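In: Sequence first, then the predicted structure:
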Amino acid sequence: MFSNGRKTIGLFIFNPQLEFQSQVCEAMAEATKKLGYNLAVFSSYGCYGQNPLYHEGEMQILTLPDYSDFAGIILALDTIDKDEARQIILDQITRKATCPVVSLRVPVEGASNILFDETNVMEGVIRHIIEEHGKKDIAFMTGTKGRHDAEARLECFRRIMDEYGYPVGENRVYYGNFWKGHEKAACDLFLQDGNKPEAILCANDKMALMVIDELYSRNLSVPEDILVTGYDGVDEGAFNSPALTTMKADFPDMAYRAVELIDKHQEDNEIEDVYVTPQIVVRESCGCEIYGKDKAKQQRCLNHKEIAEQENIEMQFSFMTIDFSELDDMDQLHLAIKKYIYNIEGFQHYYIAFRDDIESGKDILKGYTERMHVRVAFRYRADQEIIDYSCMKRELLPKELTGDEPQCFFFFPLHFLDRTFGYEVYGFGERPVWKQPYVRWNIAISNAIQGILEQRKMNNLLNELEHMYIQDVLTGLYNRRGFEKYARMQFSKARAKDSMICVIGIDMDGLKPINDIYGHHEGDSALRAVGYAIQEAGQPGQIAARTGGDEFEVIFPCEDEEEVVKWCETFEQSLENFNKKSVKPYDVYASWGYKVGVPTANDTIETYMNESDDIMYRNKVANKLRRNQELR
């Protein structure tokens with residue numbers, strides 16, 4: 001991978017803009033670099049919405065790498081929100097991987113694991129609320145019902161409450177989702193009949209922060225009326241008002257340990273489990289100290305700056321969406337990206353790799369082709385202009401875009417629903433800092449590619465319809481509509497430039513007898529022979545059409561009349577060759593006449609066609625008399 005001769009560790013982690021993920025990615029990038037490994041991070045922004053086709057498109061990134069190429073694999077399975085996505089990774093590891101595998105926070109059989117002892121992870125904060133604050137009537141909001149960590153944290157709560165002899169009432173336990181949206185229902189349960197608990201303990205910080213907001217909306221203060229605590233130690237909780245009391249794990253340390261396990265077991269592939277213990281961080285929400293006023297003030301300043309930057313990005317993205325909607329080819333996409341990408345800070349390198357058949361017109365594009373093409377590249381934030389660097393899929397990136405030093409790149413899918421276009425690649429400097437705008441950027445790029453492909457498909461259909469509208473299906477020449485459209489333009493051009501033009505009128509001889517005696521299918525065969533002869537005699541710029549049942553017209557620019565004579569000779573020779581080789585019970589003949597010259601202001605294509613037709617009809621009569629005499 002990366003064509004630099006170094007071993008590569010693969011990290012599978014979704015939503016890197018969230019706090020646990022961002023801390024893990026940053027620490028892991030530092031740890032792998034110190035030990036001389038490449039780091040390839042395979043990620044997605046999760047399966048938002050209810051469309052299963054979108055989910056399928058997101059999961060394709062998990063099929064990108066060749067798992068047999070890794071020197072180590074690190075999993076953050078609890079950041080991946082679909083069982084089938086997690087199963088794709090585990091199946092690939094089982095079938096292909098021969099390297100050490102380490103799982104963070106979720107036990108995986110056959111892998112080394114870095115885990116919390118979920119039966120004890122919340123013990124510190126529970127005992128703090130009971131012993132330091134003397135609370136007995138305590139409610140607990142856990143995570144998704146049936147999930148291992150949610151059930152284990154709830155069991156920890158019940159065990160410690162039972163140890164102190166404090167009952168847990170029926171309306172004191174609520175299953176949430178480790179996210180937003182359940183805080184109202186939880187508070188409805190906990191405050192049922194006006195009997196409010198003394199404290200609400202939550203199984204993660206996000207739910208705790210939402211509960212605090214919900215309590216304030218009901219005119220209840222934290223911690224004055226109800227104490228609230230969380231678990232995770234995210235920065236949002238530290239700068240909340242009130243600052244959130246929580247249990248905090250050292251996520252960077254977990255990342256370092258994971259890389260060290262990979263390095264340690266390169267040769268033996270032994271398995272070992274490591275348990276880490278989170279520590280309580282007491283703050284305002286449990287009624288302890290006023291926490292971090294200076295830090296909170298600093299954070300408010302940073303938030304103000306981020307809001308201003310976000311407003312600018314929102315405006316830029318709005319105009320970007322308009323520009324993207326007008327794109328109709330991939331080179332234009334590159335120019336549009338060049339215009340807007342500098343609004344996104346943080347990254348050092350940015351590449352887009354497309355499927356080998358992205359512009360083939362296929363309706364169904366699944367996964368990634370064996371050869372990929374990087375056609376958008378910003379290296380050290382400098383545009384590499386119009387490029388097409390190809391590489392095999394298992395290499396991930398062409399050697400032109402990597403270096404000899406340890407590499408760290410993030411890979412994200414580009415897709416529309418389940419149609420896979422390729423993938424984005426981000427490279428960072430010393431510190432990979434993921435930002436929320438990257439999510440919108442990815443979706444905007446994917447939608448733009450879909451728009452380009454749909455526009456191309458529509459244009460192809462329109463061209464096909466137009467071609468059908470102006471084409472004679474039998475001979476492949478233009479029909480009368482096509483001739484009217486293009487021949488008139490050809491004639492007008494010759495008149496404007498005072499250049500020579502030739503118009504030839506052709507009539508097939510004896511079509512009716514062939515139809516009457518041998519059938520219309522034979523008549524069609526004879527007409528095709530005439531059409532082929534016209535094409536075989538073709539000149540540059542020639543426009544030829546079947547304008548009636550047995551009538552044809554040809555127009556082309558020429559230098560002199562000799563070119564026209566040569567055309568007629570070639571046309572006649574083609575029909576003669578057909579008759580010699582044919583086993584048909586009839587011969588195919590045609591009569592022609594032409595008008596050649598430099599059109600004057602009074603000339604029209606109709607005058608040229610009339611003159612050529614007059615000559616053709618005189619020739620037709622002469623040819624008929626000649627052939628009748630030959631038959632005698």
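Out: Looks like it came in fine. Numbering: from 1, shown residues only.
In: Kindly state the beta-bridge partners for the residue nearest the centre of the chain.
Out: Among the residues of the chain, the one closest to the centroid is Leu414, at 1.9 Å (C-alpha atoms, centre = their mean). Following DSSP bridges, Leu414 is listed with bridge partners Gly422.
In: residues in contact with it?
Out: Neighbouring residues of Leu414 by C-beta atoms under 8 Å, 6 or more residues apart in numbering: Ile352, Thr420, Phe421, Gly422, Tyr423, Glu424, Asn442, Ile445, Ser446, Ile449. Heads up, the C-betas are built off the backbone N, CA and C, glycines and all.
In: quick one: the strands in the stretch 1-150 of the chain?
Out: Using DSSP state E, counting those that start in this stretch, the strands of the stretch 1-150 of the chain run over residues 8-12, 38-42, 72-75, 101-104, 112-116, 138-142.
In: Dump these into CSV; add distance to Glu553 and mean pLDDT as well.
Out: Below are those laid out as CSV (distance: least, C-beta to C-beta, whole Å; pLDDT from 0 to 100):
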stretch, distance to Glu553, mean pLDDT
strand 8-12, 66, 98
strand 38-42, 62, 97
strand 72-75, 70, 98
strand 101-104, 74, 97
strand 112-116, 80, 94
strand 138-142, 83, 98
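In: With respect to Asp614, which of the ones you listed lies nearest?
Out: strand 38-42 (75.6 Å; C-beta to C-beta).
In: Parallel or antiparallel, list what pairs with the closest one.
Out: strand 8-12 (parallel), strand 408-416 (parallel).
In: before we move on, back to that, restricted to strands, list the contacts of Leu414.
Out: Ile352, Thr420, Phe421, Gly422, Tyr423, Glu424 (DSSP state E).
In: just checking, the fifth one touches Glu58?
Out: Meaning Tyr423. No. Look at Tyr423 against Glu58 with C-beta atoms under 8 Å: they stay out of range, at 11.5 Å.
In: what sits in contact with each of those two?
Out: Listed as contacting both Tyr423 and Glu58 by C-beta under 8 Å, 6+ apart are Pro413.
In: residue ranges with poor pLDDT in the protein?
Out: Applying pLDDT under 70 to the chain flags the ranges 48-50, 290-310, 630-632.
In: check contacts around Trp592.
Out: For Trp592, the contact set (C-beta under 8 Å, 6+ apart) comprises Ile504, Gly505, Ile506, Asp507, Cys568, Phe571, Met616, Asn619.
In: Checking the residue nearest to the fifth one when sequence neighbours are not counted next. Helix, strand or coil?
Out: So that's Cys568. Residue nearest to Cys568 in three dimensions, not counting chain neighbours: Trp592, with 6.2 Å by C-beta to C-beta, 6 or more residues apart in numbering. In three-state terms, and counting by DSSP: H, G, I helix; E, B strand; the rest coil, Trp592 is strand.
In: Show me what Trp592 is bridged to.
Out: Ile506.
In: Could you check how far it is from Asp509?
Out: Distance, Trp592 to Asp509, by C-beta to C-beta, to the nearest Å: 10 Å.
In: Val473 too?
Out: In terms of C-beta to C-beta, Val473 sits 23 Å off from Asp509.
In: do Arg147 as well
Out: In terms of C-beta to C-beta, Arg147 sits 86 Å off from Asp509.
In: Neighbour count: the two, which is higher?
Out: Between Arg147 and Asp509, counted using other C-beta atoms under 10 Å, the more crowded position is Asp509 (19 against 16).
In: Apart from its neighbours in sequence, what residue is nearest that one?
Out: Closest to Asp509 by C-beta to C-beta, 6+ apart is Tyr589, at 4.2 Å.
In: Hmm, that neighbour is touching Arg627, no?
Out: Yes. If you go by C-beta under 8 Å, Tyr589 and Arg627 touch, sitting 7.4 Å apart.
In: more neighbours, the two?
Out: More neighbours surround Tyr589 than the other of Tyr589 and Arg627, with 20 against 13 (other C-beta under 10 Å).
In: Tell me which residues touch the more buried one, please.
Out: Met508, Asp509, Gly510, Leu575, Asn623, Arg627.
In: Which of those fall in helices?
Out: Counting by DSSP state H, these place Leu575, Asn623, Arg627 in helices.
In: Including mean neighbour count and distance to Tyr380, could the strands of the stretch 1-150 of the chain go into TSV?
Out: Listed next are these as TSV, based on neighbours: other C-beta atoms under 10 Å; distance: least, C-beta to C-beta, whole Å:
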stretch	mean neighbour count	distance to Tyr380
strand 8-12	26	22
strand 38-42	24	18
strand 72-75	26	27
strand 101-104	26	31
strand 112-116	21	34
strand 138-142	26	47
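In: if we compare those strands, which one ends up closest to Asp328?
Out: That would be strand 38-42 among these, by C-beta to C-beta, at 31.3 Å.
In: still on that earlier bit, and of the contacts of Trp592, the nearest to Leu261?
Out: For the contacts of Trp592, the nearest to Leu261 is Phe571 (81.0 Å; C-beta to C-beta).
In: Assess the claim that that closest one and Tyr532 are in contact.
Out: No. Phe571 is beyond contact range of Tyr532, at 10.2 Å (criterion: C-beta under 8 Å).
In: who has more neighbours, the two?
Out: Using other C-beta under 10 Å as the criterion, Phe571 and Tyr532 rank with Phe571 on top: 22 against 16.
In: Return the set of buried residues in the helix or strand hosting the more buried one.
Out: Phe571 belongs to helix 561-581 when assigned by DSSP states H and E. Buried residues in helix 561-581, counted by 16 or more other C-beta atoms under 10 Å: Val564, Trp567, Phe571, Ser574, Leu575, Phe578.
In: Count the neighbours of the closest residue in space to the fourth one that isn't next to it in sequence for me.
Out: In space, not counting the residues next to it along the chain, Ser574 is nearest to Ala533; the distance is 3.6 Å by C-beta to C-beta, 6+ apart. When neighbours are defined as other C-beta under 10 Å, Ala533 has 23 of them.
In: ok, and what's touching the helix or strand Ala533 falls within?
Out: For Ala533, the element it lies in under DSSP H and E is helix 520-536. Identification of contacts with helix 520-536 by C-beta under 8 Å, 6+ apart yields 472, 474-477, 506, 508, 511, 514-515, 544, 546, 550, 552, 554, 570-571, 574-575, 578, 582, 584, 586, 588, 590.
In: Narrow those residues to those that are buried.
Out: By 16+ other C-beta under 10 Å, those give 472, 475, 477, 506, 508, 511, 514-515, 544, 546, 550, 552, 554, 571, 574-575, 578, 586, 588, 590 as buried.
In: Could you check how far the residue nearest to Ser574 is from Glu466?
Out: Distance from Ala533 to Glu466, by C-beta to C-beta: 26 Å.
In: How about Glu183?
Out: Glu183 is 59 Å from Glu466, by C-beta to C-beta.
In: The two - which one has more neighbours?
Out: Neighbours per residue (other C-beta under 10 Å) separate Glu183 from Glu466, with Glu183 holding more: 24 against 13.
In: my read: that one touches Tyr216, true?
Out: No. Taking C-beta under 8 Å as the definition, Glu183 is not a contact partner of Tyr216, at 11.1 Å.
In: For stretch 98-106, measure first residue to last.
Out: Start and end residues of stretch 98-106 are separated by 20 Å (C-alpha to C-alpha, to the nearest Å).
In: now do stretch 600-611
Out: This stretch, stretch 600-611, spans 15 Å end to end (C-alpha to C-alpha).
In: and it, which residues are buried?
Out: Under 16+ other C-beta under 10 Å, the buried positions of stretch 600-611 are Asp603, Ile605, Tyr608, Met609, Glu611.
In: Ala208 against Thr229, yeah?
Out: Yes. Using C-beta under 8 Å, Ala208 is in contact with Thr229, at 6.4 Å.
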